[in-house]
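Peer 1: Predicted model follows, preceded by the sequence.
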Amino acid sequence: MSKRSRANNEQSLEVLAAQFEYASVAVITIGNILATISAGITLRLLEETSSSSSKSTNSNLFNFEAEQMQRQMDELIGEMQNLKRMMQR
């Protein structure tokens, strides 16, 4: 194997390693975001069940926040799909 060929192989491996590192960090970040969203939902549910006043207002607020969190999760799923496509190239 020539020096040039070996250098190209090493560079290809470095690029591949960097791509895997980028994907792993992205997946970890997405996991942390999902954990935060889950904790937020749990907190809202606990607040809602412990509070007996103005249930209708709390319910409407919770529904709005749940929809907002769903949109964020959909965006994160889209980002994960983009990463998957990028890694398949």
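Peer 2: Everything's here; your move.
Peer 1: State the mean pLDDT of the lengthiest helix in the chain.
Peer 2: Here the longest helix in the chain is taken by residue count, with DSSP state H as the criterion, and it is helix 3-50. Per-residue pLDDT values over helix 3-50 give a mean of 83.
Peer 1: Kindly calculate the angle that the next helix or strand after that helix makes with helix 3-50.
Peer 2: Proceeding N to C from helix 3-50, the next assigned helix or strand is helix 55-88, under DSSP states H and E. Counting by axes from the mean of the first three to the mean of the last three CA atoms, to 10 degrees, helix 55-88 points 170 degrees away from the direction of helix 3-50.
Peer 1: name the helices or strands packed onto helix 55-88?
Peer 2: On a contact count with 3 or more CB pairs under 8 Å, 6 or more residues apart in numbering; DSSP states H and E, helix 55-88 meets helix 3-50. In short, each C-beta sits where N, CA and C put it, glycine included.
Peer 1: Excluding covalently adjacent residues, which one is nearest to the residue positioned nearest the centre of the chain?
Peer 2: Nearest to the mean C-alpha position of the chain, counting by CA atoms, centre = their mean, stands residue 30 at 2.1 Å. Closest residue in space to residue 30, ignoring its immediate chain neighbours: residue 76 at 5.1 Å, by CB to CB, 6 or more residues apart in numbering.
Peer 1: Let me see the confidence value for the one you found.
Peer 2: According to the prediction, residue 76 has pLDDT 83.
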